[in-house]
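S.K.: pasting the sequence and the predicted model now:
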Amino acid sequence: MNLTRQAAGLMALAGFALAQPSVAAPAQVTPVAMPSAATPFADDPVRVVVEQFLLRQATGLPGKVSVQVVPPSGGRAPDCQNPEPFLPSGAAPWGRVAVGVRCGGDRPWTRYVQARVSVLTDYYVAARAMAPGETISAADLEVRQGDLAALPRAVVTDPAQVAGAVAANRIAAGSPMRTDLLKKSIAVKSGQTVNVTVEGDSFRLTSEGKVLADAATGNSVQVRLRNGQVVSGLVRSGDTVVLQ
């Protein structure tokens, strides 16, 4: 009996000894990743500055402007103190652009940020084929809509741009109208007699003179007055020159 009790005691002690490690074992700690020191690109001040800069550059462009700034390829944006964006010389503020950003601090440096600027706008195409020298009017245009970045740089976006113009080259029907395919029609010709006008706040004087060269409306031309004096003025119409 005593032996049995002793065995039972030993077994109980043994069982306790075996269970003890599972109770006293330290808990496993799963490492928690610390937040990255790099600023997320969505909140990167450089991205914000570049976006606002491009929107300002697009002021005055026809149509609806949208800007998408591309995250850096490494996925992280290095710190940039006092960012000052700029466009490289000759770069257009639409389409795919690389915006330079000057970063201040003890060691100033420059980074480049890729972006795409879309400008959804109305533009005009030729409603018919036109030969060189033909006069063009708004009736010769058809409106289309597209991204300015995908169109020729000189594309016509306002019918007023073709007012008083003639085709300088052959223009195919359906092709985008471009200002570099147009020239202003001649309004006055060399040797023509025109009215020469001088205008002030409360007066207007008119004389006559002879034009010394062909010129289009809005262009500058020289005129010889009756007294032999040569003056310069702007062609206002087919018979009037206003002194500058």
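M.R.: Received it, and whenever you're ready, just let me know what you need.
S.K.: R47 and R102: what is the separation?
M.R.: Taking C-beta to C-beta, to the nearest Å as the measure, R47 falls 16 Å from R102. Glycine gets a C-beta too; all of them are placed from N, C-alpha and C.
S.K.: looking at those two now, which is surrounded by more residues?
M.R.: For the pair R47 and R102, the greater number of neighbours falls to R47 (22 against 14), based on other C-beta atoms under 10 Å.
S.K.: any idea what the closest residue to that one other than its chain neighbours is bridged to?
M.R.: In this structure, R47 finds its nearest non-sequential neighbour in V69, 4.9 Å apart by C-beta to C-beta, 6 or more residues apart in numbering. In this entry, V69 is beta-bridged to A115, by DSSP bridges.
S.K.: ok, V69 touching V101?
M.R.: No - taking C-beta atoms under 8 Å as the definition, V69 is not a contact partner of V101, at 10.9 Å.
S.K.: now do L148 against V230, distance only.
M.R.: To V230, L148 is 44 Å away according to C-beta to C-beta.
S.K.: and the two? Which one has more around it.
M.R.: The neighbour count for L148 versus V230, taken as other C-beta under 10 Å, is higher for L148 (23 against 10).
S.K.: just the pLDDT for that one.
M.R.: Listed pLDDT for L148 reads 91.
S.K.: now V65: phi and psi?
M.R.: Dihedral angles of V65 (phi, psi; degrees, to the nearest 10) stand at phi -100, psi 140.
S.K.: so where do the helices sit in the protein?
M.R.: In order along the chain, the chain carries the following helices (DSSP state H): 2-24, 45-57.
S.K.: what does the last one rub up against?
M.R.: Residues outside helix 45-57 that contact it (C-beta atoms under 8 Å, 6 or more residues apart in numbering): 39, 41, 65, 67, 69, 71, 77, 80, 83, 85, 87, 93, 97, 99, 101, 111, 113, 115, 117.
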